[in-house]
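In: Quick one, structure for this:
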Amino acid sequence: MSCRTGGPLPWFALALLGAGLVACTNDLDRVAAVELPADAPDRVTGNAEYLYSDSGRLQNRLRAGRIVEHLAPDRRRTELSEGIELVFFDRTGAPGSVLTARRGIILPAADRMEVSENVVFTNPRGERLETEHLVWDRDSGRVHTERPVRIARRGDVIHGVGLEASEDFSRYTVKRITGTFHIATGDTFATPAR
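Out: Model prediction:
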C-alpha cells in the first residue's frame, strides 16, 4: 500500500484561496452607496401594540398598523399610520374612551399627539366625535381641534367648528356650535359634579 502526497489538489486549493483573498477589496464608494440617509427612521414596527402605565396602573393602549420612530434628539418623533387605536383606561383599569384615526404623530418634546384622517372619539356614554384632526396634549390631559366637528349624542347631532375636551372625552365644549337637538328637562350637557 502506498500513500501519495503532494499532488495537484493541495496546490490548487492554495491557489484558489490566494485568488479569493486578493479579489476581496473594500470599495468605499460602494459601501457609502449602501448607507442610509440622515432622515431614515431608527425603527419601523408593523401591527404594533404599546401599553402605557403610570405607577403600575395601565393608562393607555396604542395600536397601529405601522409605527416609524425617529430617535435623533433634533427630530425625535413617532409616526403612526395604517390605522390607529388609542384606548384610555379608567382608574379601575377598565377600558373607557376610544380614539381611532388613519394616521398620527407623537411629538415627545411637546408631550403631544396629533391624529388625522377619519378621526373618531367615543366615550362610555355612547357619545361619538368625528373630525379630521385632533390634538391630545398629555401634560394638560386635554384634546382639542379647530376643525369642523360632528358629535352624535343620544340621537341628536351637534355640529361645530372647534372643540376642547378632557382626554377621556367625558366633558367637552364645542365652539361655533350649530345643529338641532332636544334637551330633556334637567339636562345641562354637563356630567354630575363629583
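In: quick one: which helix or strand includes the residue nearest to R176 when sequence neighbours are not counted?
Out: For R176, the nearest residue in space outside its immediate sequence neighbours is V161; the separation is 4.3 Å by CB to CB, 6 or more residues apart in numbering. Bear in mind the C-beta positions are built from the backbone N, C-alpha and C, glycine included. For V161, the host element (DSSP states H and E) is strand 156-166.
In: Could you give the average pLDDT over that strand?
Out: Strand 156-166 comes out with an average pLDDT of 93.
In: Specify the next element, helix or strand, located C-terminal of it.
Out: Sequence order places strand 172-174 as the next helix or strand after strand 156-166, per DSSP H and E.
In: and that following strand, which strands flank it?
Out: Sheet pairing of strand 172-174 (DSSP bridges) gives strand 156-166 (antiparallel).
In: Now the strand it pairs with: buried residues?
Out: By 16 or more other CB atoms under 10 Å, the buried positions in strand 156-166 come out as 158, 160, 162-163, 165-166.
In: Return the residues in contact with D39.
Out: 70, 75 (CB atoms under 8 Å, 6 or more residues apart in numbering).
In: helix/strand/coil for it?
Out: Secondary structure, DSSP: H, G, I helix; E, B strand; the rest coil: D39 is coil.
In: quick revisit: what's the closest of the buried residues of strand 156-166 to W136?
Out: A165 (9.6 Å; CB to CB).
In: from what I can see that closest one touches K175, true?
Out: No. Between A165 and K175 there is no contact under CB atoms under 8 Å: 11.1 Å.
In: What segments of this protein are strands?
Out: Along the chain, counting by DSSP state E, strands occupy 43-54, 57-70, 77-89, 95-101, 103-107, 112-122, 128-137, 142-153, 156-166, 172-174.
In: any chance of those strands in TSV, with distance to A184 too?
Out: Formatted as TSV, the strands of the chain follow (distance: least, CB to CB, whole Å):
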stretch	distance to A184
strand 43-54	37
strand 57-70	33
strand 77-89	27
strand 95-101	23
strand 103-107	36
strand 112-122	21
strand 128-137	19
strand 142-153	12
strand 156-166	11
strand 172-174	18
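In: Can you check which of these gets nearest to T185?
Out: strand 156-166 (15.2 Å).
In: which outside residues touch that closest one?
Out: 121, 129, 131, 141-151, 171-182.
In: Excluding residues flanking it in the chain, which one is nearest D90?
Out: G96 (4.6 Å).
In: Any idea what I67 is bridged to?
Out: Beta-bridge partners, per DSSP bridges, of I67: T45, L80.
In: Please consider this matter closed, and thank you.
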